[in-house]
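> Next one to model:
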Amino acid sequence: MSGFELLLERAAARRGDSPAIHTDAGSVSWNELLRQVECVAGGLASLGVSLGDRVAFWLPNGLPYLVTHLACARLGAVTVAVNTRFRERELVDIVSRSGAVALVLAPEAGGVDYLSVLANADGEALGRLRHLIQVGPVPAGRGAPSPLPLAAVVDYASLADAAPWHLPPVPEDAPVALFTTSGTTARPKFALHAQNRAVAHGADVARAFLYGEPATVVFHALPFCGVFGYSQLLGCLA
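Residues are numbered from 1 along each chain as shown. Purely as a prediction, here's the structure:
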């Protein structure tokens with residue numbers, strides 16, 4: 001087995017309570033990261049997210065992005081990357097064509113009111129979305145995040161408090177991430193990546209950039225929603 005689940009469990013077994021990621025709120029150990037991933041996976045499963053489902057991420061870098069992505073991988077769901085610089089047109093195109101059933105978003109980040117952008121999007125085109133998962137507080141005076149008729153609002157904190165997911169792992173070649181190509185002459189095409197190939201690529205990155213050297217710390221300035229930032233993240237996990 002060479003999927004994401006084994007990758008994370010091996011890292012937790014090997015590194016335990018040593019730091020996995022440093023955030024503004026403090027450090028999170030490998031054991032704690034694994035626990036959070038198991039809980040969020042349980043929360044997503046309670047929403048009906050399962051093998052093969054698409055979950056769109058319109059979210060800045062941060063611990064919730066990492067945890068939710070690994071939780072989706074645990075369920076065999078596919079992360080659909082949506083750049084946080086994208087607005088209504090690009091959001092609707094990627095989410096609708098990918099068939100995403102859930103959208104993970106920050107209500108507000110970097111001075112951008114993402115709820116307002118979503119509210120101005122074509123709700124009919126986003127009709128397949130069943131859940132809007134909000135990461136972070138809603139701006140004061142704001143109510144529901146959008147007029148999408150079939151999408152229920154879910155707070156990320158409620159997923160993090162769910163019972164852990166401990167069912168058998170998904171196939172190692174299950175799809176894990178969907179990225180868009182540049183789309184210079186037409187709408188972007190989708191490139192789908194499998195878990196075992198992503199894990200193998202992460203190992204290659206780690207070897208090439210010596211991430212395995214003692215006390216190595218990697219600064220994540222590149223966005224996880226792009227393939228360069230995602231490759232760096234895979235290397236750190238490996």
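> what about this structure, any weak spots by pLDDT?
Where the chain drops to pLDDT under 70, the residues are 1-2, 140-147, 183.
> could you say what helices and strands the lengthiest helix in it packs with?
Once the chain is assigned using DSSP state H, the helix that runs over the most residues is helix 30-46. Here helix 30-46 touches helix 4-15, strand 19-23, helix 63-75, helix 156-160, going by 3 or more Cβ pairs under 8 Å, 6 or more residues apart in numbering; DSSP states H and E. (C-beta placed from N, C-alpha, C; glycine too.)
> The longest one - contacts with which helices or strands?
Here helix 63-75 touches helix 4-15, strand 19-23, helix 30-46, strand 54-58, strand 78-81, strand 102-105, helix 156-160, strand 175-180, going by 3+ Cβ pairs under 8 Å, 6+ apart.
> starting at the chain centroid, how far to it?
5 Å (Cα atoms, centre = their mean, to the nearest Å).
> Quick check: the gap between the residue nearest the centre of the chain and Leu148.
Nearest residue to the geometric centre of the chain (Cα atoms, centre = their mean): His69, 3.2 Å. His69 sits 23 Å away from Leu148, going by Cβ to Cβ, to the nearest Å.
> re earlier: I would like the residues contacting the longest helix of the chain, please.
Identification of contacts with helix 30-46 by Cβ atoms under 8 Å, 6 or more residues apart in numbering yields 8-9, 11-12, 14-21, 28, 55, 63, 66-68, 70-72, 74-75, 77, 102, 156, 158-166.
> For the helices and strands packed on helix 30-46, give me TSV that also has distance to Gly123.
Below are the helices and strands packed on helix 30-46 laid out as TSV (distance: least, Cβ to Cβ, whole Å):
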stretch	distance to Gly123
helix 4-15	33
strand 19-23	34
helix 63-75	24
helix 156-160	22
